[in-house]
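>>> Following is a predicted model, sequence given first.
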There are 2 protein chains.
Amino acid sequence: MQSKLFAKTRKEAPKDETAVNAQLLIQAGFVNKDSAGVYTFLPLGLRVLSKIENIVREEMNAIGGQEMLMSALQPKENWQATTRWEGLDILFKVISRHGSEYALGPTHEEIVTPAALNIISSYKDLPLAVYQIQTKFRDEPRAKSGLLRTREFRMKDLYSFHKDEKDLDKYYNKIAIPAYQKIYKRMGLEAFLTEADGGTFSKFSHEFQVEIENGEDIIYICNPPAGGCGLAKNKEIFKDNDECTNCGKTEWREANASEVGNIFPLKNKYSKSFNLIYTAEDGTKKDVIMGCYGMGTSRLMGVLAERFHDQDGIIWPESVAPFKVHLIELNNASAKNIYEDLIKHGVEVLYDDRELSPGEKFADADLIGIPYRVVVSEKTAEQNKFEVKKRDEDKIKLVDKEELFRIIRMNS
Amino acid sequence: MQSKLFAKTRKEAPKDETAVNAQLLIQAGFVNKDSAGVYTFLPLGLRVLSKIENIVREEMNAIGGQEMLMSALQPKENWQATTRWEGLDILFKVISRHGSEYALGPTHEEIVTPAALNIISSYKDLPLAVYQIQTKFRDEPRAKSGLLRTREFRMKDLYSFHKDEKDLDKYYNKIAIPAYQKIYKRMGLEAFLTEADGGTFSKFSHEFQVEIENGEDIIYICNPPAGGCGLAKNKEIFKDNDECTNCGKTEWREANASEVGNIFPLKNKYSKSFNLIYTAEDGTKKDVIMGCYGMGTSRLMGVLAERFHDQDGIIWPESVAPFKVHLIELNNASAKNIYEDLIKHGVEVLYDDRELSPGEKFADADLIGIPYRVVVSEKTAEQNKFEVKKRDEDKIKLVDKEELFRIIRMNS
């Protein structure tokens, strides 16, 4: 019932936000800004976030990831062991009154690697992959991009453990990258695999980048229309006349983009810090080889709002929409019967039972962006029919109940 | 596959833990201790936690709670507005390099009340209830009770908003308390509704207490065997010869107990701090009246381990067990066929495919505490049968496949 929803749409976008995603998500009642770079997910927003995270969860389970939940309060000693206590400037530090010092986790190599010490000792224990979907923290100097750059955010991070670099390469390229592409595709996004700086321990890491008008990154795409393969490079590593690592071509297209994933071949960087070794088949002790695979799920929500909207509001892809149907009753008509019918058949419905004008209700429906708008008015009720309109189409159809169910279920 | 599970049982309980729940949960591979009072949930542990949280979620949805997700980084200003920035000694404080100061949320009145300012303005908006299930933080001086008293923990907190105290009373007593009792019952726990100090704003608050041998609290129960009604009082407010608030009797039984829930009639305490008012039917402005309903879900996991174990390990109630069946293959037998059969029928199975002795496997099964142990050995395979034993019974049955499915499904 929209009249009792813990969210109200606003007449105007919030003036203190410059990013389109934050303007839309706040105006439509998906999130609330608690302070700069810190957002609460209101019921509508949590529904979208949960759908995103469930897609991610399904695909991580499908590649053998075991879900766990690591702690946010991470001991200072662990971060000193990797030299990141002083080295990572976005690290929030927490001092207990009782003497302990903690990093507030922006990532979890410092937790998952020592946790693996109790578990991995032999080549028989490898390979392994674990992941979590969890709240993370970064002390960002500038938090002006809405959900794209926040001090508190939701993230999926998977860590894989291997006996050698060959096994890591196989998992990284043949299993993890295709799983990432599948996730983006399920949300209606095209993400370019993008080579990025590999740090001191690897030639490349990889980002996944979505073309966005206001994207905060610049990437160079090995341009498919010019016969390119679609691999991209980010601005930091791109040089004019670079040959594409994949296909050798040199035709690049510059594009604004937003990062929606980031994966790293860590190799033995963290296993060395924590002495994570295993006994190989031949009895020798070897470093465990690791990979790390990040994906910001609240950031994805922001990117989806940036990518899918028009001047009237958000246009959610069905797979992540908070509800499938926005059911609107006008004036003296009641949509109660069809509401109960839809619910009984497992359709997710937001029922606009508010006493507002048709214009206000339609404007809110466009702003919130649920895929199917179904209207019950005195006129439609007389004919025992319903007005149905897709958010991304202009055409309004007048249909009977059977046809309504057919339309709504077509894509599910 | 247990051979690839991100968890290994230990031969002995960890020496640095004194609480039974932490000893069992670490030894059996459910949690990992990251530092004092901070635990990571390994895959087995997250499965139990998720089942607990899903039961809580279902019952909160059933009483009209709308799920949302509030932020952990809470602005200092909000905590100053309620005078709790200096007043609450367990508050973790975080200082950004960029000037902001935050409380690391131990509770969310300071977030949910200002969030409601945008949403509640009229009596028509009331009543409302929102909740979240989320990670919280407390700077505990002593973290020696395992999952019962931690610096980082999982919690469900629901907040209700009402037009007057009468409506709050009704929700608090007739809706919230029965929902809490239903949750505990679904986990096999008997929880005593326990009167506790109401602070400055109410006569009582209420705890829910479970009798536990090593419980950290002492309660006085209006003793049912002596004709009492089962209401309890906690030690802080109990006086000898007190009359029971509910039935007037004066026969109390002292018991050790652990708190598994805590609810407060906040009345206008926080709405006053943030000027959360609404326009009543008669046009006057009134304070919104609030209630707060907490339940520690990771603490519940600890209480369940304290309540349900024997000398060999944990005995999970089926509703929260990580798996329903622990399938064990011995020596040269293979349980692969029955594993696939069980999975195909939607049964949750942990498949012990490890190359270990029967004694080691049985000891691990008892330690982990999954409700049904099913064994495939050369002997049972010859007869096309299975050995099935419930964790809380001694009797071993030799059954065929049909009978096995009948037994496993009996209670589901």
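The structure has been received and is ready for your questions.
>>> Can you give the strand pairings for the top strand by length along chain A, parallel or anti for each?
Longest strand in chain A by number of residues (criterion: DSSP state E): strand A:252-267. Strand A:252-267 sits in its sheet next to strand A:204-211 (antiparallel), strand A:217-222 (antiparallel), strand A:289-296 (antiparallel), going by DSSP bridges.
>>> Helices of the stretch 151-300 of chain A, residue ranges please.
Counting by DSSP state H, counting those that start in this stretch, the stretch 151-300 of chain A has helices at residues A:165-170, A:177-186, A:269-274, A:297-307.
>>> for the record, mean pLDDT for the first one?
Read that as helix A:165-170. The pLDDT scores in helix A:165-170 average 98.
>>> Using CSV, write out every CA atom in it.
What follows is helix A:165-170, C-alpha atoms only, in CSV (Å, rounded to 0.1, in the frame of the first residue of the first chain):
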residue,chain,number,x,y,z
GLU,A,165,49.3,-19.2,-11.3
LYS,A,166,48.1,-21.4,-14.1
ASP,A,167,45.1,-22.5,-12.1
LEU,A,168,44.4,-18.8,-11.0
ASP,A,169,44.6,-17.7,-14.7
LYS,A,170,42.1,-20.3,-15.7
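>>> pLDDT below threshold where in chain A?
For chain A, applying pLDDT under 70 flags the ranges A:410-412.
>>> picking up where we left off before, ok now the longest strand of chain A, how far from the chain's centre?
On the basis of C-alpha atoms, centre = their mean, to the nearest Å, strand A:252-267 sits 14 Å off its chain's mean C-alpha point.
>>> now swap in stretch A:287-302 and tell me
In terms of C-alpha atoms, centre = their mean, the centre of stretch A:287-302 is found 10 Å from the chain centre.
>>> what's the answer for stretch A:324-339, then?
Centroid separation for stretch A:324-339 versus its chain: 32 Å, with C-alpha atoms, centre = their mean.
>>> before we move on, what about stretch A:369-376?
With C-alpha atoms, centre = their mean, you get 25 Å for stretch A:369-376.
>>> Which positions in the stretch 151-300 of chain A make contact with chain B?
Applying C-beta under 8 Å from any C-beta of the partner chain, we find that the stretch 151-300 of chain A lies next to chain B at A:151-152. Yep, even glycine has a C-beta here, placed from its N, CA and C like the rest.
>>> and the residue of the stretch 151-300 of chain A nearest chain B?
A:E152 (4.9 Å; C-beta to the nearest C-beta).
>>> do you know how far that residue is from B:V112?
Per C-beta to C-beta, to the nearest Å, A:E152 is found 16 Å from B:V112.
>>> Please apply the same query to A:E306.
A:E306 is 28 Å from B:V112, by C-beta to C-beta.
>>> Just give the closest residue to A:G313, not the sequence neighbours.
Excluding its sequence neighbours, the residue lying closest to A:G313 (C-beta to C-beta, 6 or more residues apart in numbering or on different chains) is A:L367, at 3.5 Å.
>>> Which secondary structure element is home to that neighbour?
helix A:358-368 (DSSP states H and E).
>>> That helix: which residues count as buried?
Neighbour counts over helix A:358-368 (16 or more other C-beta atoms under 10 Å in any protein chain shown) mark A:361-368 as buried.
>>> How about the contacts made by A:K156?
A:53, A:56-57, A:60, A:131-133, A:294-297 (C-beta atoms under 8 Å, 6 or more residues apart in numbering or on different chains).
>>> can we see that at 7 Å?
Residues near A:K156 by C-beta atoms under 7 Å, 6 or more residues apart in numbering or on different chains: A:56, A:60, A:131, A:133, A:295, A:297.
>>> Just give me the closest of the residues you listed to A:H98.
Nearest to A:H98, judged by C-beta to C-beta, of the contacts of A:K156 is A:I133 at 30.3 Å.
>>> count of residues packed around A:D16?
11 (other C-beta atoms under 10 Å in any protein chain shown).
>>> Would you mind measuring from it to A:R149?
For A:D16, the distance to A:R149 - C-beta to C-beta - is 15 Å.
>>> same question, A:S334
For A:S334 relative to A:R149 (C-beta to C-beta), the value is 45 Å.
>>> Among the two, which residue is more densely surrounded?
The neighbour comparison of A:S334 against A:R149 (other C-beta under 10 Å) goes to A:R149, with 20 against 11.
>>> List the residues that contact A:K389.
Here A:K389 is in contact with A:373, A:395-396 (C-beta under 7 Å, 6+ apart).
>>> May I ask which of the residues you listed has the most neighbours?
Highest count within the contacts of A:K389 by other C-beta under 10 Å belongs to A:R373, 22 neighbours.
>>> starting at the chain centroid, how far to the helix or strand where A:Q80 lies?
With secondary structure defined by DSSP H and E, A:Q80 is part of helix A:76-81. Relative to its parent chain, helix A:76-81 has a centroid offset of 29 Å by C-alpha atoms, centre = their mean.
>>> what do you get for stretch A:64-78?
20 Å.
>>> Wondering if it reaches chain B at all.
Yes: residues of stretch A:64-78 contacting chain B under C-beta under 7 Å from any C-beta of the partner chain: A:66-75.
>>> quick one: which of those residues sit in strands?
Those of the residues of stretch A:64-78 next to chain B lying in strands (DSSP E): A:66-67, A:73-75.
>>> Which members of the contacts of A:K389 occur in strands, if any?
Short answer: the contacts of A:K389 in strands (DSSP E) are A:373, A:396.
>>> Show residues contacting stretch A:106-113.
Contacts to stretch A:106-113, defined as C-beta under 7 Å, 6+ apart, come from residues A:70-71, A:74, A:78-79, A:82, A:90-91, A:130, A:136-138, A:157, A:159, A:270-271, A:273-274, A:276, A:292, B:34, B:40.
>>> Which among these count as buried?
A:70-71, A:74, A:78-79, A:82, A:91, A:130, A:136-138, A:157, A:159, A:270-271, A:273-274, A:276, A:292, B:34, B:40.
>>> Can you tell me what sits against the longest strand of chain A?
Here strand A:252-267 makes contact (C-beta under 7 Å, 6+ apart) with A:148, A:165, A:168, A:172, A:176, A:180, A:184, A:189, A:191, A:201-202, A:205-213, A:215-223, A:289-295, A:299-300, A:303, A:306.
>>> on that earlier part again, and the strands paired with strand A:252-267 as CSV, adding distance to B:C247?
Shown next, in CSV, are the strands paired with strand A:252-267 (distance: least, C-beta to C-beta, whole Å):
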stretch, distance to B:C247
strand A:204-211, 64
strand A:217-222, 68
strand A:289-296, 55
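>>> Of all these, which one comes closest to B:I119?
strand A:289-296 (27.2 Å).
>>> Which strand residues bridge the residue of the stretch 151-300 of chain A closest to chain B?
Going by DSSP bridges, A:E152 forms beta bridges with A:F137.
>>> The nearest residue to A:G64 once chain neighbours are set aside: neighbour count?
Leaving aside its sequence neighbours, A:G64 sits nearest to A:A129 (C-beta to C-beta, 6+ apart; 5.4 Å). By the criterion of other C-beta under 10 Å, A:A129 has 21 neighbours.
>>> now the one 3 residues further on
Residues lying near A:Q132 (other C-beta under 10 Å) number 23.
>>> contacting residues for it?
A:Q132 is in contact with A:67-70, A:157, counting by C-beta under 7 Å, 6+ apart.
>>> for A:V347, same thing?
A:324-325, A:408.
>>> thinking again about what came up before, filter the contacts of strand A:252-267 to the buried ones?
If we count by 16+ other C-beta under 10 Å, these have these buried: A:148, A:168, A:172, A:176, A:180, A:184, A:189, A:191, A:205-212, A:215, A:217, A:219-223, A:289-295, A:299-300, A:303, A:306.
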